[in-house]
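S.K.: Could you work out the structure for the sequence below:
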Amino acid sequence: MRLCVVGAGAIGGHLALRFARGGMAEVSVLARGATLAALRARGIAVEAPDGRFAMPLRAEEDPAALGPQDAVVVAVKAHSLPALAPALAPLLGPETPVLVVVNGIPWWWEEGPSALDPQGAIAAALPRARVLGGVVWSACTVTEPGVVTVRSTTSRLLIGEPAGGISPRAARLAAALEAGGMGGEAVADIRTEIWVKLLNNLSNGPICLLTRRDMRASFADPVLLEAARQVVREGMAIAAALGHPVPEGAEARILRSVAIPHKPSILQDLEAGRPLEFEALFEAPLRLARGAGVDAPLLALLVALARQAANQPG
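M.R.: Coordinates of the predicted model:
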């Protein structure tokens, strides 16, 4: 299987290494700048609880240099997709699935244009029939170009069809990832899994952005820990109103993650001066809540405060 990973940041780099290590895919990476140079010179390296792994990978900046793939994995920020999606055409054969691993609500959640795809550029380039949804659980940080540190004791990627059901193409990609030592699972209801992960983002993202500290440091304060717990409950109410009730026990699992000394990706982006995933992570869930008639007052307050903090000069 020829497989291209688009975006070699923390998550993309980790996934590329695991797919390559499994031996079931011939893996290439689409990257640019210092990351491209590092991948060409040294390959990809991942330092994880189960060991340190390094592998050479083919890295290109131009999709045309790679040609049609058997599968494409997109691991970039949601706000990058409108400009990126049309450029992926050279990678796509008639049946090439595109597994999109993004945080928050994806553009395909609703039919038609939305704030996540205002001009319809993503939908035009990546029709829903071609797309697989992905939810990744892995606390990763790029420590230098081409080097990823993983803090999660276990990492996994859930893969599913937007319309539901487990498909052979999802199962094939999950097996290829499992072979590389990272949990991979084809799931029947990817939308519920998106909400489970989103609860994690909602509970720690705004608060850590405001404190400018990692999760363990932030939630050592019992007041902030209780705020995170309340946000999880508000998020669960939204998910249930949308027809995607979160399984029992999700709150406890999510709140266990706050003990990790890891900065959420949105805080990493803020500190690096990169654009933030506000729309997909925070604005879209609140918009869905309003549409479903669900009040989420604490979440709305924290998002408003986080927006103010992120918009400060410098």
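S.K.: Can you name the next helix or strand after the helix with the most length in the chain?
M.R.: If you go by DSSP state H, the chain has its longest helix at helix 190-211. Note on helix 190-211: by DSSP states H and E, the next helix or strand toward the C-terminus is helix 215-218.
S.K.: what does that next one contact?
M.R.: 204, 207-208, 211, 224, 257-264 (CB atoms under 8 Å, 6 or more residues apart in numbering). No exception for glycine: its C-beta is placed from N, CA and C like everyone else's.
S.K.: and which of the residues you listed is nearest residue 13?
M.R.: Minimum distance to residue 13 across the contacts of helix 215-218 is 15.9 Å, recorded for residue 262 (CB to CB).
S.K.: Check which residues of the longest helix of the chain are buried.
M.R.: Across helix 190-211, burial judged by 16 or more other CB atoms under 10 Å covers 190-211.
S.K.: circling back: nearest to residue 301 among the contacts of helix 215-218?
M.R.: residue 207 (11.1 Å).
S.K.: residues contacting the closest one?
M.R.: With CB under 8 Å, 6+ apart, residue 207 has these contacts: 218, 219, 224, 227, 228, 302.
S.K.: With residue 247 instead?
M.R.: 192, 196.
S.K.: Surely residue 261 is in contact with residue 149?
M.R.: No: checked against CB atoms under 8 Å, the pair residue 261 and residue 149 is beyond contact range at 11.5 Å.
S.K.: The two: which has the busier surroundings?
M.R.: residue 149 (18 against 11; other CB atoms under 10 Å).
S.K.: can you pull the contacts of that one?
M.R.: Counted by CB under 8 Å, 6+ apart, residue 149 has contacts 46, 47, 48, 140, 141, 142, 143.
S.K.: Quick check: bridge partners of the second one?
M.R.: In other words, residue 47. Residues in a beta bridge with residue 47, per DSSP bridges, are residue 52, residue 149.
S.K.: give me the low-pLDDT residue ranges for the protein?
M.R.: Applying pLDDT under 70 to the chain flags the ranges 313-314.
S.K.: any chance you could map the strands in it?
M.R.: 2-6, 26-30, 44-48, 51-55, 58-60, 71-74, 98-101, 131-137, 140-144, 147-150, 156-160, 183-186 (DSSP state E).
S.K.: distance between stretch 136-144 and the chain's centre?
M.R.: 11 Å (CA atoms, centre = their mean, to the nearest Å).
S.K.: Grab the CA positions of it and hand them over as PDB.
M.R.: Only the C-alpha atoms of stretch 136-144 are listed here, as PDB (Å, rounded to 0.1, in the frame of the first residue of the first chain):
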ATOM      1  CA  VAL A 136      -6.200  10.500  17.600                       C
ATOM      2  CA  TRP A 137      -5.300  10.100  21.200                       C
ATOM      3  CA  SER A 138      -1.700  10.900  21.600                       C
ATOM      4  CA  ALA A 139       0.000  13.700  23.500                       C
ATOM      5  CA  CYS A 140       2.800  14.700  21.100                       C
ATOM      6  CA  THR A 141       5.200  17.600  20.800                       C
ATOM      7  CA  VAL A 142       7.700  18.500  18.100                       C
ATOM      8  CA  THR A 143      11.000  19.000  19.900                       C
ATOM      9  CA  GLU A 144      12.900  19.800  16.800                       C
END
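S.K.: How about that stretch, which residues are buried there?
M.R.: Quick answer for stretch 136-144 (16+ other CB under 10 Å): 136, 137, 138, 139, 140, 141, 142.
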